[in-house]
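Novice: Need a 3D model of the sequence below.
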Amino acid sequence: MELLDKYGHANTNEGVGVIADRNLRAKAKIIERLRKHPHWDEEQNAIILKSDYSRDFDRSKIAIFSSWIMSLREVAMESCNANAERGRMTERYHKGREQYRALKRVVMPDNYDGLLRLGELYTENIEISAWLDDIQINDNRWYDGYYLGDEYDKLMQYSFLIKVIDSVADEQSQLVTETTCAVVKNAFPNINCVVGQKCSKVVNAICRSMKIDAKLDYNAKFAQFADGCNPLHYETYTVISVNLLDYLTMSFGKNWASCHTIDIHNIRFGNGECHYHGMYCAGCLSYAVDRVSIILYTVDRAYDNPSEMWKADKIRRNMFYLDPDNGSILVQSRVYPDGRDGGETGIATQFRAIMQDIVATCWEIPNNWTLKKGTAHTGDYAIRDNDAVCYSDWTCYNDCSISFNKEFDSYERIVVGAAPICPVCGCEHTREDHLVCGDCDEDSNWIECDWCGHRFDPESDDHVYDEYGDRDYCCPRCAERNGCYHVLDCYDDYCWTSNPDIFWDDFAEEYYYDDDCEVTCEDGCQYRSEYNAEHAGYVQARNEDGYWVWVHEEETYGHFDGDLYTYEEEEEEEIPYEEVV
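Specialist: Reported below is the predicted structural model:
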């Protein structure tokens with residue numbers, strides 16, 4: 001209750017008591033099994049281990065940084081293409097001027113076609129000349145016959161940088177090798193690079209010289225690159241827990257947070273970069289009251305209060321889901337904050353090995369597993385409960401995995417999560433971004449969607465209000481399903497309405513009121529303007545009664561007289577009876 005009070009969530013003895021009781025009842029089989037482990041802590045409902053972890057050179061992180069540089073190169077390429085267009089126009093201008101001068105020498109005054117072509121060339125040259133004057137070409141650098149400018153130099157630098165990064169990945173060394181050093185000196189002779197220097201330091205120097213470090217997301221991207229270059233070995237506490245307090249603080253990371261955090265007001269980080277609004281904050285309670293979810297997390301070995309591990313900032317956290325009856329199946333979700341496995345020696349692999357050993361020990365089965373990775377497998381054997389509000393990251397990240405114990409021939413599907421319980425009244429609810437249910441939220445002005453019944457905040461960006469029907473919808477999809485559409489009126493103002501007096505303009509791809517309809521075609525299609533109708537393939541034609549109507553140009557049967565079309569039915573040619581016989 002003190003924890004909930006600190007982070008601004010209403011609660012009562014009754015509501016919290018129901019949550020705590022449901023947590024113990026739901027996890028009863030898991031607790032009974034985990035008690036068999038020699039490092040079980042009865043007070044904390046957790047197994048606490050002292051562990052050593054190591055992380056080798058991580059090529060996946062290098063590849064991510066390389067992809068980001070590649071995206072910057074694509075932006076430079078677009079700019080380069082724009083300047084290439086200048087080169088093409090300049091080339092066209094010079095060729096046109098030569099043609100004009102050559103034609104001028106041979107055209108006689110009475111040669112009408114030649115004079116006409118001469119005038120066209122003259123006019124075209126004047127227009128291109130004015131265009132070139134506007135772009136103000138200041139130097140004469142060309143590439144492959146086209147003027148490119150400074151962007152070409154930048155483009156080549158990006159290509160050289162990618163070669164350096166690829167060399168670092170191929171060498172798989174934290175320090176610059178002779179091969180990488182040669183690539184750097186060839187591509188960037190002004191960058192100081194020697195064998196034995198840190199690769200991350202050299203790449204950072206290159207990025208600074210190219211002013212890539214001025215990009216807003218550079219620090220985060222480069223930190224990931226440097227992290228992948230630097231192998232680590234460190235000692236931590238590893239906690240395998242079903243403690244209710246650990247579920248509530250499952251996203252209280254060391255310099256990180258996630259969508260399950262209950263710190264919805266960002267009290268821990270202030271205005272820092274780790275702010276998450278807790279869009280799935282009730283998901284932690286979904287995990288806390290189901291039968292299958294276990295938290296594994298690591299804490300700095302220097303932490304001075306090991307009797308209350310839940311209070312420590314979590315270095316990494318990993319959710320596991322298992323069959324509590326026999327331990328036959330173990331699903332591993334993504335690792336936070338970094339979800340990439342890093343290969344066979346990665347952190348996620350080491351976490352999985354620890355959990356496989358604990359399950360084998362506590363469930364008294366052989367530590368012999370078949371491993372399958374990817375959402376195609378985890379999504380088949382782990383499904384979210386219909387009332388759960390936890391984020392299903394085991395179905396969204398390919399680095400998640402599932403372990404099948406070879407002791408068993410068949411495996412039951414695991415149902416993850418359950419309906420969260422309100423800490424005020426103790427009743428179940430389905431609000432994923434609130435711990436407290438709508439009825440108990442004193443500050444809540446939430447309303448119910450008139451289509452799906454979902455309760456939502458009317459201040460949200462997705463809220464749709466039907467002015468005509470006086471109805472509220474949680475999202476545009478629900479509104480359209482119930483016949484409410486986004487309509488543009490004559491004042492170019494949008495509104496949502498279920499008013500039946502509206503029409504769909506196929507060309508503009510928007511709804512309008514009938515009063516704004518300027519063209520109604522013979523086939524029933526309506527358009528806001530003649531311009532829209534014409535561009536949708538319709539023309540005005542005189543029908544057989546002499547009236548002007550709008551018909552599709554394919555229905556005019558080719559009858560064309562000047563600017564006028566004739567709309568009439570195409571008569572079938574009669575075939576003489578003799579020819580039929």
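Novice: Nearest the middle, which residue of this structure would you pick?
Specialist: For the chain, C396 is the residue whose C-alpha lies nearest the centre (C-alpha atoms, centre = their mean; 11.0 Å).
Novice: so that residue makes contact with T378?
Specialist: No: shown here, C396 and T378 do not form a contact pair, counting by C-beta atoms under 8 Å, at 9.8 Å. To be clear about C-beta, it is placed using only N, CA and C from the backbone, and glycine gets the same treatment.
Novice: Let me see the contact set for the residue nearest to the centre of the chain.
Specialist: Residues near C396 by C-beta atoms under 8 Å, 6 or more residues apart in numbering: T375.
Novice: Tell me, how many residues neighbour the closest residue to P366 other than its chain neighbours?
Specialist: Nearest non-adjacent residue to P366, counting by C-beta to C-beta, 6 or more residues apart in numbering: E407, 5.5 Å away. As a burial measure, E407 scores 16 neighbours (other C-beta atoms under 10 Å).
Novice: Need the three-state assignment for E407.
Specialist: Judged by DSSP: H, G, I helix; E, B strand; the rest coil, the three-state class of E407 is coil.
Novice: That one and K27: what is the separation?
Specialist: E407 is 23 Å from K27, where distance means C-beta to C-beta, to the nearest Å.
Novice: what do you get for H39?
Specialist: 18 Å.
Novice: hey, which helix or strand in this protein has the poorest pLDDT?
Specialist: Using mean pLDDT, DSSP states H and E, the weakest-scoring helix or strand in the chain turns out to be strand 142-143, at a mean of 44.
Novice: Show me where the stretch 101-250 of the chain has its strands.
Specialist: Assigned by DSSP state E, counting those that start in this stretch, the strands in the stretch 101-250 of the chain fall at 142-143, 146-147, 232-241.
Novice: How far off centre is stretch 15-26?
Specialist: Centre-to-centre, stretch 15-26 and its host chain are 36 Å apart (C-alpha atoms, centre = their mean, to the nearest Å).
Novice: Equivalent analysis for stretch 215-226, please.
Specialist: Using C-alpha atoms, centre = their mean, the offset of stretch 215-226 from its chain centre is 18 Å.
Novice: Now do it, average pLDDT.
Specialist: Average pLDDT, stretch 215-226: 82.
Novice: same thing with stretch 298-316?
Specialist: 92.
Novice: Quick one: residues in contact with that stretch.
Specialist: Contacting residues not belonging to stretch 298-316 are listed as 43-44, 46, 48, 50-51, 53, 235-239, 241, 243, 245-246, 248-250, 252-255, 297, 317, 335-338, 347, 351 [C-beta under 8 Å, 6+ apart].
Novice: Please flag which of the residues you listed sit within helices.
Specialist: L245, D246, L248, I347, F351 (DSSP state H).
Novice: With neighbour count and pLDDT as extra columns, can I get those residues in TSV?
Specialist: Below are those laid out as TSV (neighbours: other C-beta atoms under 10 Å; pLDDT from 0 to 100):
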residue	neighbour count	pLDDT
L245	18	97
D246	25	97
L248	25	96
I347	21	82
F351	24	91
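Novice: And those, which is closest to S71?
Specialist: I347 (26.7 Å; C-beta to C-beta).
Novice: pretty sure the closest one is in contact with Y53, am I right?
Specialist: Yes: the criterion here is C-beta under 8 Å, and I347 meets it with Y53 at 6.4 Å.
Novice: Give me the neighbour count for R431.
Specialist: Neighbour tally, R431, other C-beta under 10 Å: 21.
Novice: Which pLDDT value does the model give it?
Specialist: For R431, the model assigns a pLDDT of 88.
Novice: those strands in the stretch 401-550 of the chain, which residues are they?
Specialist: 401-405, 414-416, 447-448, 455-456, 464-466, 471-473, 485-488, 494-497, 502-505, 510-513, 519-520, 526-527, 538-542, 548-552.
Novice: so which of those gets nearest A382?
Specialist: Of these, nearest to A382 by C-beta to C-beta is strand 414-416, at 4.7 Å.
Novice: ok, and for the closest one, which residues are buried?
Specialist: I414, V415, V416 (16 or more other C-beta atoms under 10 Å).
Novice: Closest to I365 out of those residues?
Specialist: Nearest member of the buried residues of strand 414-416 to I365, counting by C-beta to C-beta, is I414, at 16.5 Å.
Novice: Could you report the distance from that closest one to I315?
Specialist: 27 Å.
Novice: just Y336 next, same as before
Specialist: Taken as C-beta to C-beta, the span from Y336 to I315 is 10 Å.
Novice: Can you pull the residues that touch both of those two?
Specialist: Common neighbours of Y336 and I315 (C-beta under 8 Å, 6+ apart) are G253.
Novice: what about the helices in the stretch 351-500 of the chain?
Specialist: 375-381, 476-481 (DSSP state H, counting those that start in this stretch).
Novice: Tell me which other helices or strands the first one touches.
Specialist: Applying 3 or more C-beta pairs under 8 Å, 6 or more residues apart in numbering; DSSP states H and E, one finds that helix 375-381 makes contact with strand 329-336, strand 401-405.
Novice: pLDDT weak spots in the protein?
Specialist: Applying pLDDT under 70 to the chain picks out residues 54-56, 76-153, 231-234, 271-275, 339-345, 442-446, 453-457, 490-492, 544, 554-581.
Novice: For N398, give me its contacts.
Specialist: Contact analysis of N398 by C-beta under 8 Å, 6+ apart lists K373, G374, T375.
Novice: give me the beta-bridge partners of the first one?
Specialist: Just to be clear, that refers to K373. Beta bridges link K373 to S401, judged by DSSP bridges.
Novice: And for it, the neighbour number?
Specialist: 15.
Novice: which residues sit in contact with it?
Specialist: By C-beta under 8 Å, 6+ apart, the neighbours of K373 are D341, N398, D399, C400, S401, I402.
Novice: What distance do you get for it to S401?
Specialist: 5 Å.
Novice: now do the last one
Specialist: The span separating T375 from S401 equals 10 Å under the rule C-beta to C-beta.
Novice: These two: who's more crowded?
Specialist: Taking other C-beta under 10 Å, T375 and S401 do not tie; S401 has more neighbours (21 against 16).
Novice: OK, contacts around that one?
Specialist: Per C-beta under 8 Å, 6+ apart, neighbours of S401: V331, Q332, A348, R352, L371, K372, K373, G374, H377, T378.
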